[in-house]
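Novice: A structural model of the following input is requested.
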Amino acid sequence: MTRPTTARSLVLVVTTALAAAALAVPAQAHHRGSAGSPPVVTPRAETPVLHDDDAGGNADADDPAIWRNAAAPGRSLVIATAKEGGLRVYDLDARPVQSIAAPPAAGPDDAPGRFNNVDLVQGLRLSTGRADLAVTSDRGHDRLRFYRIDRDRPGGPLTDVTDPAAPAVFSRDQAEVNDQRTAYGLATWTDPASGTSFALVSRRERTSITLLELLPAAGGKVTYRTVRTLDLPATFRLPDGTSWAPCGEPGELPQVEGMVVDPANGTLYAGQEDIGIWRLRADLTGTPRLVDKVREYGVPGVYDEETEECTPGADPGFGGTRISSDVEGLTLLTESDGDGYLLASSQGDNTFAAYDRELADHNEYEGGFRVAPASAALDGSEECDGAAALNAPLGAKYPHGLLVVQDGHDAPGDGDRPATNFKFVDLGLVLTALDD
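Specialist: All right, here's what the predicted structure looks like:
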């Protein structure tokens with residue numbers, strides 16, 4: 001169900017698809033794959049495993065963000081979502097620093113809190129002064145949650161500063177919240193011209209992306225207001241003249257999760273999971289452009305209600321060649337000269353694709369890599385949901401910067417219990433792999 005517009009909210013509907021690194025790095029830490037396969041990099045550390053079951057606290061690793069401590073880079077933090085497990089904060093050794101529970105359900109029959117994606121805002125003006133914030137999408141309550149970052153605060157670096165009166169992002173009432181077509185993917189953006197900070201939030205099982213202006217509230221709290229909403233396409237005209245939509249459960253539309261904003265030009269990149277990567281203005285004006293398609297684009301499918309899976313038909317050959325659905329985990333890798341890459345997690349083949357950030361080059365594909373096991377005890381990344389890169393020195397452990405990626409299948413496993421965590425990769429290895 002679509003949320004009604006207000007006087008301050010405009011819905012734009014798109015109905016068709018449009019068409020530091022110079023530091024030396026150890027050569028043995030990355031290598032090229034076999035013929036036809038991408039280069040391989042290996043992680044240096046991993047966080048403790050999370051289990052998505054009653055015994056593990058229903059914690060499921062999803063999306064990370066890297067906060068750099070400018071005064072002491074070696075004491076920087078990784079802040080990550082654990083869905084119903086709330087938030088986790090790690091140091092650069094991947095050791096837990098703080099755990100924050102997701103908010104409880106509003107009532108006995110209501111959905112509990114569930115933190116999906118996280119991003120950072122630096123120097124947001126609050127009623128009590130400026131502060132760095134971690135912002136997370138609470139899918140369970142259809143809200144954004146805000147946490148002030150104070151590295152040396154007793155009890156942990158994060159403090160909840162969410163305005164209790166912050167509104168639902170998409171839902172009109174608790175019944176709609178419980179349907180869980182709620183706040184899902186998340187990216188933050190600060191407009192350099194005005195200094196205003198925003199969050200861009202996608203909607204689960206829908207194609208919507210909404211722009212929220214972040215606002216100070218009383219007592220150092222944070223709230224937001226809707227500026228405008230845009231709907232990406234749900235059906236697509238194929239080159240043979242037929243109409244196509246990706247297979248899914250009845251009533252579900254192709255959703256967006258992975259998103260990131262390039263601060264150099266105010267460009268939003270959004271991964272529509274079964275479609276590809278869109279490029280559009282972060283203020284949600286103008287016309288979106290489809291930068292790349294997943295391999296499965298255009299493949300027909302039939303949903304089986306008994307197995308809850310789709311049976312694909314013959315591939316007509318209209319898809320891309322570099323990413324496989326789902327496409328998630330978008331992040332930016334910025335180089336010292338201002339250039340760099342858009343990185344995207346290609347869940348279908350457990351790789352990462354890199355695209356040039358130059359709009360004039362139409363975000364040309366620059367290569368890819370895979371995060372592979374470093375040892376029997378330190379595995380790689382599979383079906384990566386979220387990723388974050390920071391190309392800045394982070395003390396002695398990561399002098400070339402850091403890439404953090406979610407691992408959807410941590411190994412060695414623990415029987416039949418779902419096991420996930422985050423891998424820490426020396427960013428210098430990634431730059432070297434992409435430059436080879």
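
Novice: show residues contacting the helix or strand Leu214 falls within.
Specialist: According to DSSP states H and E, Leu214 maps onto strand 208-217. Residues from elsewhere that reach strand 208-217 (CB atoms under 8 Å, 6 or more residues apart in numbering): 2, 121, 124-127, 135, 144, 163, 165, 169-170, 188, 196-203, 222-232, 256, 259, 268, 270, 282-284. In short, each C-beta sits where N, CA and C put it, glycine included.

Novice: pull out the buried residues from these.
Specialist: Buried members of the contacts of strand 208-217, counted by 16 or more other CB atoms under 10 Å: 121, 124, 126, 135, 144, 163, 169-170, 188, 197-203, 222-224, 226-232, 256, 259, 268, 270, 282-284.

Novice: rewinding a little: check which residues of the strand holding Leu214 are buried.
Specialist: Buried positions in strand 208-217, judged by neighbour count with 16+ other CB under 10 Å: 208-212, 214-217.

Novice: where do the helices of the stretch 251-400 of the chain begin and end?
Specialist: For the stretch 251-400 of the chain, applying DSSP state H, counting those that start in this stretch gives no helices.

Novice: any weak-confidence spans in it?
Specialist: Low-confidence segments of the stretch 251-400 of the chain, defined by pLDDT under 70: none present.

Novice: try it again at 80.
Specialist: In the predicted model, the stretch 251-400 of the chain carries pLDDT under 80 at residues 336-338.

Novice: kindly report the same for the stretch 1-150 of the chain.
Specialist: For the stretch 1-150 of the chain, the stretches flagged by pLDDT under 80 are 1-36, 54-56.

Novice: for the longest helix along the chain, buried residues please.
Specialist: In the chain, taking DSSP state H as the definition, the longest helix is helix 427-435. Within helix 427-435, the residues scored as buried using 16+ other CB under 10 Å are 427-434.

Novice: from the middle of its chain, how far away would that helix be?
Specialist: On the basis of CA atoms, centre = their mean, to the nearest Å, helix 427-435 is displaced by 21 Å from the centre of the chain it belongs to.

Novice: who does that helix touch, helix- and strand-wise?
Specialist: Applying 3 or more CB pairs under 8 Å, 6 or more residues apart in numbering; DSSP states H and E, one finds that helix 427-435 contacts strand 30-31, strand 40-41, strand 327-334, strand 365-371, strand 387-390, strand 402-407.

Novice: who are the packing partners of the second one?
Specialist: Read it as strand 40-41. By 3+ CB pairs under 8 Å, 6+ apart, strand 40-41 packs against strand 30-31, strand 365-371, helix 427-435.

Novice: dump those to a markdown table, plus distance to Ala419.
Specialist: Below are those laid out as a markdown table (distance: least, CB to CB, whole Å):
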| stretch | distance to Ala419 |
| --- | --- |
| strand 30-31 | 26 |
| strand 365-371 | 16 |
| helix 427-435 | 24 |
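
Novice: for Trp244, which of these is the nearest?
Specialist: Across the helices and strands packed on strand 40-41, the minimum distance to Trp244, taken as CB to CB, is reached by strand 365-371, at 23.1 Å.

Novice: okay, the angle between that closest one and strand 402-407?
Specialist: Interaxial angle, strand 365-371 versus strand 402-407 (axes from the mean of the first three to the mean of the last three CA atoms, to 10 degrees): 70 degrees.

Novice: just the CA trace of strand 365-371, in PDB.
Specialist: Extracted in PDB, the C-alpha atoms of strand 365-371 (Å, rounded to 0.1, in the frame of the first residue of the first chain):
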ATOM      1  CA  TYR A 365      33.100  -1.600 -15.100                       C
ATOM      2  CA  GLU A 366      36.700  -1.800 -13.800                       C
ATOM      3  CA  GLY A 367      37.000  -5.400 -12.600                       C
ATOM      4  CA  GLY A 368      36.200  -7.400  -9.600                       C
ATOM      5  CA  PHE A 369      37.500  -9.600  -6.800                       C
ATOM      6  CA  ARG A 370      36.500 -12.200  -4.300                       C
ATOM      7  CA  VAL A 371      37.100 -12.400  -0.500                       C
END
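
Novice: many thanks, I have nothing further to ask.
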